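1. sequence and predicted structure below; questions after.
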Amino acid sequence: MSLLHLAIVSPLLLAVIIPIFSKSIRQIHTGWFVLPLPVVLFSYFLSFISTTSHQGTVYESFEWIPSLGINFAAKIDGLGLLFALLISGIGSLVVLYSIYYLEKDKEQLGSFYVYLLMFMGAMFGVVLSDNLIVMYGFWELTSISSFLLIGYWYHREKSRYGAQKSMLITVFGGLAMLGGIILLYIMTGSFSISEIITQSDRVLEHTLLIPALICFLLGAFTKSAQFPFHIWLPDAMEAPTPVSAYLHSATMVKAGIYLVARMSPVFAESPVWLWLVGGFGIVTLFWGSFSAVKQTDLKSILAFSTVSQLGLIMSLLGVGAAALHYDGIDDNVFTVATTAAVFHLINHATFKGSLFMVVGIVDHETGTRDIRKLGGLMHLMPITFTLAIIGAFSMAGLPPFNGFLSKEMFFTGMVKILQMDLFSLSTWGLLFPVLAWIASVFTFIYSMKLVFRTFTGKYKPEGLKKKPHEAPLGMLISPVVLGSLVIIFGLFPNILSHNLISPAMASILPSLLSPGDMFDVHIYFWHGPTPELFMTIGVVILGILLYLTLPKWERAYHLLPEKLTLNKVYDKGLESIQTGSFKLTRFYMNGYIRTYLVYIFAFFILILGYTLYKKDAFVIDTAHVSSIGFYELVLSVLIVVSTITILFAKSRLTSIILLGAVGYTVALFFVVFRAPDLALTQLVIETVSVALFLLCFYHLPKLKKEESKIPFKLTNALISIGVGAIVTAIALSANSTKLFESISQFYVDNTYIRAAGKNMVNVILVDFRGFDTLFEICVLAIAALGIFAMIKLRLTRGKEG
Amino acid sequence: MEIVMAFVVGIIFMAATYLMLSKSLLRIIIGTGLLSHGTHLLVLTMGGLKNGAAPLLGEHAPSYNDPLPQALILTAIVIAFGVTSFFLVLAYRAYQELGTDNMDRLRGTKINE
């Protein structure tokens, strides 16, 4: 256990004690106790930058389940560090923001911060684990904590719906990923990511490559809300806004991006990887931005915008994989896609985080997020308005913000596809830049809509629940910090390039580097009159035109029938799964005791019969068989006759007496077979039993003739005969096979020596196996108590007692 | 003799199963009682029959019958008695409360009705 491990689990440890703080110290907002932790962690992780920027890694491991190859291995490399910084950095700002967002008297702060810390710890675990199984555990923990946070206002039905939806979809993906992990283990024999990467050649040639790859991508796509799994993200917006800002824009949804980036060294050389990651990414980008335009809820716009931006990063990662097929780093122009992916990842966290916080402020101060009720807030909330402009313009890809730079690089990456001459990219590849460009136009439109519909236009105070005013200072700190970062990264992008982007790229594309080498990333503002520049200009011009004419063509969105949407498919699917499984269960668990007995007996016959047959265990050996005496034969006939007669007995009394007859015959058998103790016990017990039966039967109804159909009787008869036959077969075989020496001789030899008794059976019962007898008495006592309770207690109908 | 006993035990098991599958509660109880008788005989048979004198050292016999199955059966007889009596009273109370001993009408679930 090193300091690094402690850092990873520290949020979880704090989560354990936070409820105590929130309960005992009510005057101070619980968030203040949480805030120091992410700040400390952020500075702690910052100290690793000097290591990773020189291609160094930090590796700490301690054994957890070594026999299964599962160790809690923590590794810091460029990619992991970038994410850890995002998680702790944005985490600090979100906690600070939440202190002002959630009122301490109204909300259950204890549980909120416990969930948030759980999530934070889980995220650290995901991005810093080198062991796939450990990573999987943390991965599922993020799903669970996200579920709890979305359902935080659990009294709202929509919250519960959104929480369940996100849980079902992300956990489904998580399970698929577990399958992928196991497949990788089959191929490489290791759970360690670094070790698997060294064996990537073997993985790429293995027949299980495609299934494993698809399993991993399912995990990544569900987590990162890629089309068609994106439907959970808009519903997750029911969470409190700090949560949306943290989980559903900056960190958790990027876990899928992280997974794709992390597994790139293993899978990326496969053409399937390039097409799936790139293709799904670009479709998601388009669909997300297209859908965002029609939304009227501010958070829904942001949700779809997040979906689309995640698609953008995903497509860049996919296309970036093409670089692996070209040698040499100096003239390799294709790595620009990967650079753009990492850069945009950072940028998106900054501008989207600030936008979410801005929307939270609007919601908090006006009481609504409906864009149709808002307008003209510019003069009332000038600082918020400025922040919204910065965030939205960055998202739209306008200079001088950081979004412009990464958007330009994104276009570069997509245009470069046309120069590639592999995997039929030169023909179908044209779709990438075209879709990217169209999606960017829509991105521009919804960004403008977000800002201008909210802050300009006519002020409509009558539709608002509260009188809006500027947010308190504390609430503005976090978005201001993020907004400043948007500008700083926009103007001085190269403070990131050497420290964060280049090491992260080294983790994604390690095979392109020779030892000691590193990616030389340099981000320029001005590229000259390149196609990318014209694409951006085109986006701006067309975007402005379309935004201004939005009311005219907005109706086009209603052309798609409501029934065909993915949400309807999900709802219907869930419903039919529920009713279907209910019906299936009803079909075999129908509540009749007889049915269950039939199952039990049928399995008894099948399994024992199969075992007897398979193991060749059925043997009849007459060598050690004892002689057949006259008495025994008479008793046998007697017992068989009484047994068979019970089946046809018409009255209660007859069957009870016949049962008694069987019992007494058994006692006689015990006499003949020289078991005096058994015979005595059996006689006593049988007498008491028959007396009890006679006592009770008077209160039980008369035996009716079983009015049942022939098939019913036939099944019963078949099953009974089967059971009888199997038992006979077992009895015969048991006598004929002696696999090992019986332990009985021990008792015969030691009865007198050890226990000083002469009756072996008694000695076994009270000495050698005394505990058995003790528990037997316990069973009797429990039965007696139960009987007493049943007779004495009248719970349901008081008047009878 | 063991072979004869194997068939006897088989027949008892068969009858017991048939009774347990019927609809009347009393028949089911009789079936379980029969089943325990069959089991006792089965265990005794599996240990081998008539190998020697009764397992009492006072007999001073050269060989004794196997004492271990007998000890097991002794426990089983008592437990079977406990179960049967519990079952009987349960049936009695169920009939008193619910007015039927037909298993079809004593279903545990309320759905589909």
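-> Sure thing, it's come through. This structure is a prediction, so every number in the text was calculated from the model and none was measured.
2. quick one, phi psi at residue A:75?
-> phi -140, psi 130 (degrees, to the nearest 10).
3. who's in contact with residue B:70?
-> Shown in contact with residue B:70 (Cβ atoms under 8 Å, 6 or more residues apart in numbering or on different chains): A:675, A:677-678, A:761, B:44, B:55. C-beta: built from backbone N, CA, C; applies to glycine.
4. number of nearby residues for residue 47?
-> I'll assume chain A. Residues near residue A:47, counting by other Cβ atoms under 10 Å in any protein chain shown, number 8.
5. switch to chain B, please.
-> Using other Cβ under 10 Å, residue B:47 is surrounded by 22 other residues.
6. returning to that earlier point: now render the contacts of residue B:70 as CSV, adding neighbour count, distance to residue A:23 and secondary structure.
-> Shown next, in CSV, are the contacts of residue B:70 (neighbours: other Cβ atoms under 10 Å in any protein chain shown; distance: Cβ to Cβ, whole Å; DSSP: H, G, I helix; E, B strand; the rest coil):
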residue, neighbour count, distance to residue A:23, secondary structure
A:675, 26, 67, coil
A:677, 21, 64, helix
A:678, 25, 64, helix
A:761, 27, 63, helix
B:44, 25, 65, helix
B:55, 29, 67, coil
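7. ok, the residues you listed vs residue A:127, which is closest?
-> If you rank the contacts of residue B:70 by distance to residue A:127 using Cβ to Cβ, residue B:44 comes first, at 66.7 Å.
8. so which helix or strand takes in the residue nearest to that closest one when sequence neighbours are not counted?
-> The shortest distance from residue B:44 to any non-neighbouring residue, by Cβ to Cβ, 6 or more residues apart in numbering or on different chains, is to residue B:69 (5.6 Å). If you go by DSSP states H and E, residue B:69 is part of helix B:67-98.
9. what about residue A:740, which SS state?
-> Under the three-state scheme (DSSP: H, G, I helix; E, B strand; the rest coil), residue A:740 adopts coil.
10. check residue A:686 too.
-> Strictly by three-state DSSP, residue A:686 counts as helix.
11. that one - how many residues pack around it?
-> Residues near residue A:686, counting by other Cβ under 10 Å, number 23.
12. hmm, stretch A:665-682 in reach of chain B?
-> Yes - contact of stretch A:665-682 with chain B (Cβ under 8 Å from any Cβ of the partner chain) involves A:666, A:669-670, A:673-678, A:681-682.
13. make CSV from these and add pLDDT to it.
-> Converted to CSV, the residues of stretch A:665-682 next to chain B look like this (pLDDT from 0 to 100):
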residue, pLDDT
A:666, 93
A:669, 92
A:670, 92
A:673, 89
A:674, 87
A:675, 89
A:676, 89
A:677, 89
A:678, 91
A:681, 92
A:682, 93
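14. out of these, which are buried?
-> The neighbour count (16 or more other Cβ atoms under 10 Å in any protein chain shown) marks A:666, A:669-670, A:673-675, A:677-678, A:681-682 as buried among these.
15. can you list those in CSV and add distance to residue A:718?
-> As requested, those are exported to CSV (distance: Cβ to Cβ, whole Å):
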residue, distance to residue A:718
A:666, 27
A:669, 29
A:670, 32
A:673, 32
A:674, 38
A:675, 35
A:677, 39
A:678, 34
A:681, 35
A:682, 32
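16. inside helices: which ones of the residues you listed?
-> A:666, A:669-670, A:677-678, A:681-682 (DSSP state H).
17. distance from the centroid: which residue in chain A tops it?
-> The outermost residue of chain A, judged against the average C-alpha position, is residue A:630 (70.6 Å), by Cα atoms, centre = their mean.
18. contact partners for that residue?
-> By Cβ under 8 Å, 6+ apart, the contact list for residue A:630 is empty.
19. give me the below-cutoff pLDDT ranges for the stretch 251-400 of chain A.
-> Scanning the stretch 251-400 of chain A for pLDDT under 70 picks out A:327-333.
20. for chain A, which helix or strand comes out least confident on mean pLDDT?
-> helix A:425-428 (a mean of 66; mean pLDDT, DSSP states H and E).
21. let's test this: mean pLDDT of the very next helix or strand once past that one, rounded?
-> Moving toward the C-terminus from helix A:425-428, the next helix or strand (DSSP H and E) is helix A:431-455. The predicted model assigns helix A:431-455 a mean pLDDT of 88.
22. contacting residues around the following helix or strand past helix A:431-455?
-> Using DSSP H and E, the helix or strand that follows helix A:431-455 towards the C-terminus is helix A:473-491. By Cβ under 8 Å, 6+ apart, the residues outside helix A:473-491 that reach it are A:93-94, A:96-97, A:99-101, A:346-347, A:350-351, A:353-354, A:357-358, A:361, A:364, A:383-384, A:386-387, A:390-391, A:394, A:399-405, A:495-496.
23. same check on stretch A:97-115?
-> Contacts for stretch A:97-115 (Cβ under 8 Å, 6+ apart): A:15, A:18-19, A:21-23, A:26, A:29-35, A:95, A:116, A:145, A:148-149, A:152, A:240-242, A:245, A:357, A:360, A:364, A:471-472, A:474-475, A:477-479.
24. do the same with stretch A:699-719
-> A:598, A:601-602, A:605, A:649-652, A:655, B:17-18, B:21-27, B:91-92, B:95-96, B:100-101.
25. how about it as CSV, C-alpha atoms only?
-> Output in CSV follows, covering the C-alpha atoms of stretch A:699-719 (Å, rounded to 0.1, in the frame of the first residue of the first chain):
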residue,chain,number,x,y,z
HIS,A,699,-60.4,-33.0,12.4
LEU,A,700,-59.4,-33.6,8.8
PRO,A,701,-61.8,-33.9,6.0
LYS,A,702,-62.8,-37.2,4.6
LEU,A,703,-60.7,-38.7,1.8
LYS,A,704,-62.5,-37.8,-1.4
LYS,A,705,-62.1,-40.0,-4.4
GLU,A,706,-59.4,-38.3,-6.4
GLU,A,707,-61.3,-36.8,-9.2
SER,A,708,-58.6,-36.2,-11.6
LYS,A,709,-58.0,-36.8,-15.3
ILE,A,710,-56.1,-39.7,-16.7
PRO,A,711,-53.0,-37.7,-17.8
PHE,A,712,-52.7,-36.4,-14.2
LYS,A,713,-52.7,-39.9,-12.8
LEU,A,714,-50.5,-41.2,-15.5
THR,A,715,-47.8,-38.6,-14.8
ASN,A,716,-48.0,-39.3,-11.1
ALA,A,717,-47.7,-43.1,-11.8
LEU,A,718,-44.8,-42.7,-14.2
ILE,A,719,-42.9,-40.5,-11.8
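26. where does chain A have low pLDDT?
-> By pLDDT under 70, the weakly predicted segments of chain A are A:327-333, A:421-427, A:514-516, A:527, A:560-564, A:703-708, A:794-801.
27. residue nearest the centroid of the chain?
-> The chain I'm using is chain A. In chain A, the centroid-proximal residue (Cα atoms, centre = their mean) is residue A:171; its distance is 2.6 Å.
28. ah, no, chain B please
-> Residue closest to chain B centre, computed by Cα atoms, centre = their mean, is residue B:36 at 1.0 Å.
29. find the helix or strand that it is a member of.
-> If you go by DSSP H and E, residue B:36 is part of helix B:25-46.
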